[in-house]
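>>> no sequence for this one, just the structure:
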């Protein structure tokens, strides 16, 4: 679930790019448009960096990252050590990934449509 953070950066970046492309006409609004497009572009680059970084170092983060609110504390029967177990189903995990991925894809296509 830690990759959702990078998808949110991408989604916010594309939203800023779309807002920056939509406004203009007045010199002050043109400056605001440039500011929004600059920060939106940097947010998209930051989201891509986080996505690539997390993909490259997934094994290092797999054991240390856990959503505690969805996990239960269970005692291991062999060792007796307490462990956090995530009981989320594959369907719920897919749902939480599908929505941000779909929205990011739609916003990226919409932004590319404004470039023409």
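The structure has been received and is ready for your questions. Small disclaimer: the values here were computed from a predicted structure and weren't measured.
>>> pLDDT of the strand or helix carrying residue 47, averaged?
Following DSSP states H and E, one finds residue 47 within helix 27-56. Across helix 27-56, pLDDT averages out at 90.
>>> roughly how far is it from the heart of the chain?
The chain centre lies 13 Å from the centre of helix 27-56; the measure is CA atoms, centre = their mean, to the nearest Å.
>>> which helices and strands sit right next to it?
On a contact count with 3 or more CB pairs under 8 Å, 6 or more residues apart in numbering; DSSP states H and E, helix 27-56 meets helix 4-22. Using the backbone N, CA and C atoms, a C-beta is placed for each residue, glycine as well.
>>> hey, which helix or strand in this protein has the poorest pLDDT?
Lowest by mean pLDDT, DSSP states H and E among the helices and strands of the chain is helix 58-62, with a mean of 68.
>>> which is the next helix or strand following that helix?
strand 71-75.
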